[in-house]
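Peer 1: make a model of this:
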Amino acid sequence: MQRNGTRPILLTNARVVDPSRDLDQPGDVLIADGVVREAGKNIRAAGVPEGTEIIDCRGHVVAPGLVDMRAFIGEPGAEHRETLASASQAAAAGGVTTVVCQPDTDPPIDDPATVDFVLRRARDNAIVHVLPMAALTKRLEGKEMTEIGLLKAAGAVAFTDGTKSVMNAQVFRRALTYAADFDALIVHHTEDANLVGDGVMNEGEYAARLGLLGIPRAAEAVMLARDIRLVALTEARYHAVSITCADSIDLIRRAKQAGRPVTASATINHLALNENDVGGYRTFLKLSPPLRAEEDRQALVAALKEGVIDTVVSDHNPQDVEVKRLPFADAAPGAVGLETMLSVGLRLVHDGSLSLLRLLHAMSTRPAELLDVPGGSLRAGSPADVIVFDPDVPWVLDRDTLKSRCTNTPFDEAKLTGRVLRTIVAGRTVYEYV
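Peer 2: Purely as a prediction, here's the structure:
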């Protein structure tokens, strides 16, 4: 990402929310030289550098930029779905200042040269930070692990096979063992492919009514239980990337209580939607893993509040009309989410399910901690990756206004409350709502 010299910025008359310090209070934030200089009360009265741009936030929230641990970006090989440039524009509009892209590209991100390619392209074309996860196995085939040490040295922040699970337990154990040697984070999509079979939505009464083949919750829980057993053998850092059901929550909770280095995330879609939203075969709501029952959604929200689920991800997965405008069983899974993650998450704040601090901790501070990357804080000296948003403004989503190349959002025409007004990356304003 290009860095340009900028004036200092003072965000004044703000509600400063910093989950890294459990802070939620009126105040100001001073930004200079690409870092947060100070975040507190009465900064303007104490004096600011000459030439400072003073922005009256009018009581709106100032918080660390979001860190999204799971987003698909098409470069290299699928630029028709998304580019680094278009994804970064969408991210900035949604308050996401760091995007972690997935390795299931063409070719896959499974060697140091491809990691370097993504980092260089991002520096040249993206307006937010873009960091790559590297493949856990070569060519994402689940047969032979990649060079974890070399990939980490090249700049990979974690290791995953994207939307594929490593079915071979011996291969996965070996990868965990090597990852532990390099203190690398393994991020795993937990679905047993054999149990998924030809299923296309959550197994249950609703799928039967629609005449669609179901995917049982056990497909997730069986794979997760296996993984946790292997973590116990290796003590590698492990992150289950898309938990969807109550059975999985119980497994994560017990692993944490046993002191295992296990963490988990839920997608914003699974926290906000359930299987009934599929309605009349709406393919924009065909996801992997599928949307579950309402009791599972409620269990996810409770687990997020409790801290059993650590992070919230967008699971941004752009798909064009050729693969979405098909019968439900044939359509590709996936939905875009970078622009809507925060606004949809605020639903959980407005209905009293979560505090704003807890939501932002899961979207900024905690993912930065897990990935060991800068961000997620307004402490003095932290990178000036900062967002300003109005948590109370109502608006209706029009997918034609989305900045992603594809517009397969499950929230088209949804009534949302709260939107990003300004996004600052490395001290430079990269997005401003007008």
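Peer 1: domain boundaries for the chain, per the record?
Peer 2: Using automatic domain parsing, the domain parsing of the chain gives 9-62+383-432, 64-371.
Peer 1: among those domains, which is the most enclosed?
Peer 2: Across the domains of the chain, averaging neighbours per residue (mean count of other Cβ atoms under 10 Å) puts domain 64-371 on top, at a mean of 21. The C-beta positions use only the backbone N, C-alpha and C, and glycine is treated the same way.
Peer 1: strands along the stretch 251-400 of the chain, start to end?
Peer 2: All strands of the stretch 251-400 of the chain, identified by DSSP state E, counting those that start in this stretch, fall at 262-267, 311-313, 386-396.
Peer 1: the second one pairs with which strands?
Peer 2: Same thing as strand 311-313. According to DSSP bridges, strand 311-313 forms sheet pairs with strand 262-267 (parallel).
Peer 1: got the contact list for stretch 405-416?
Peer 2: 74, 80-83, 86, 269, 273, 277, 282-285, 287, 318-320, 324, 334-337, 340, 343-344, 346-347, 394-400, 402 (Cβ atoms under 8 Å, 6 or more residues apart in numbering).
Peer 1: now do it: distance to the chain's middle.
Peer 2: Going by Cα atoms, centre = their mean, to the nearest Å, the spacing between the C-alpha centre of stretch 405-416 and its chain's C-alpha centre is 17 Å.
Peer 1: may I have it as CSV, with CA atoms only?
Peer 2: What follows is stretch 405-416, C-alpha atoms only, in CSV (Å, rounded to 0.1, in the frame of the first residue of the first chain):
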residue,chain,number,x,y,z
ARG,A,405,-17.0,-6.6,-8.2
CYS,A,406,-19.7,-9.1,-7.3
THR,A,407,-22.8,-8.1,-5.4
ASN,A,408,-24.0,-11.5,-4.0
THR,A,409,-25.0,-10.1,-0.6
PRO,A,410,-27.6,-11.9,1.6
PHE,A,411,-28.6,-8.4,2.9
ASP,A,412,-30.0,-6.8,-0.3
GLU,A,413,-32.7,-4.3,0.7
ALA,A,414,-32.1,-5.1,4.4
LYS,A,415,-32.8,-2.3,6.9
LEU,A,416,-29.6,-1.7,8.7
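Peer 1: mean confidence score for it?
Peer 2: Taken as a whole, stretch 405-416 carries a mean pLDDT of 96.
Peer 1: number of residues surrounding Thr6?
Peer 2: For Thr6, the neighbour count with other Cβ atoms under 10 Å is 17.
Peer 1: how far away is the nearest residue to it once chain neighbours are set aside from Lys403?
Peer 2: Nearest residue to Thr6, sequence neighbours excluded (Cβ to Cβ, 6 or more residues apart in numbering): Arg428, at 4.9 Å. Using Cβ to Cβ, to the nearest Å, we find Arg428 at a distance of 18 Å from Lys403.
Peer 1: kindly report the same for Val17.
Peer 2: Val17 sits 25 Å away from Lys403, going by Cβ to Cβ.
Peer 1: for the worst-scoring helix or strand of the chain on mean pLDDT, which helices and strands make contact with it?
Peer 2: Least confident helix or strand of the chain, by mean pLDDT, DSSP states H and E, is helix 43-46 with a mean of 77. Where contact means 3 or more Cβ pairs under 8 Å, 6 or more residues apart in numbering; DSSP states H and E, helix 43-46 is packed against strand 9-18, strand 23-32.
Peer 1: CA atoms only for it, dumped as CSV, please.
Peer 2: Extracted in CSV, the C-alpha atoms of helix 43-46 (Å, rounded to 0.1, in the frame of the first residue of the first chain):
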residue,chain,number,x,y,z
ILE,A,43,-6.5,16.7,23.8
ARG,A,44,-7.5,19.8,21.8
ALA,A,45,-7.4,22.0,24.9
ALA,A,46,-3.9,20.8,25.6
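Peer 1: tell me which residues touch Asn13, please.
Peer 2: Pro26, Asp28, Asp56, Cys57, Arg58, Gly59.
Peer 1: I'd like the domains of the chain as JSON lines, with distance to Ser377 appended.
Peer 2: Output for the domains of the chain, formatted as JSON lines (distance: least, Cβ to Cβ, whole Å):
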{"stretch": "domain 9-62+383-432", "distance to Ser377": "4"}
{"stretch": "domain 64-371", "distance to Ser377": "6"}
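Peer 1: and the strands in the stretch 1-150 of the chain?
Peer 2: Taking DSSP E, counting those that start in this stretch as the criterion, the stretch 1-150 of the chain carries its strands at 9-18, 23-32, 35-40, 53-56, 61-64, 66-71, 96-101, 129-132, 134-135.
Peer 1: need those in CSV (columns: mean pLDDT and distance to Asp250).
Peer 2: Formatted as CSV, those follow (pLDDT from 0 to 100; distance: least, Cβ to Cβ, whole Å):
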stretch, mean pLDDT, distance to Asp250
strand 9-18, 97, 31
strand 23-32, 97, 31
strand 35-40, 94, 38
strand 53-56, 96, 46
strand 61-64, 98, 31
strand 66-71, 98, 23
strand 96-101, 98, 27
strand 129-132, 98, 32
strand 134-135, 98, 30
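Peer 1: tell me which of those lies nearest to Arg121.
Peer 2: Nearest to Arg121 among the strands of the stretch 1-150 of the chain is strand 129-132 (8.3 Å), distances taken as Cβ to Cβ.
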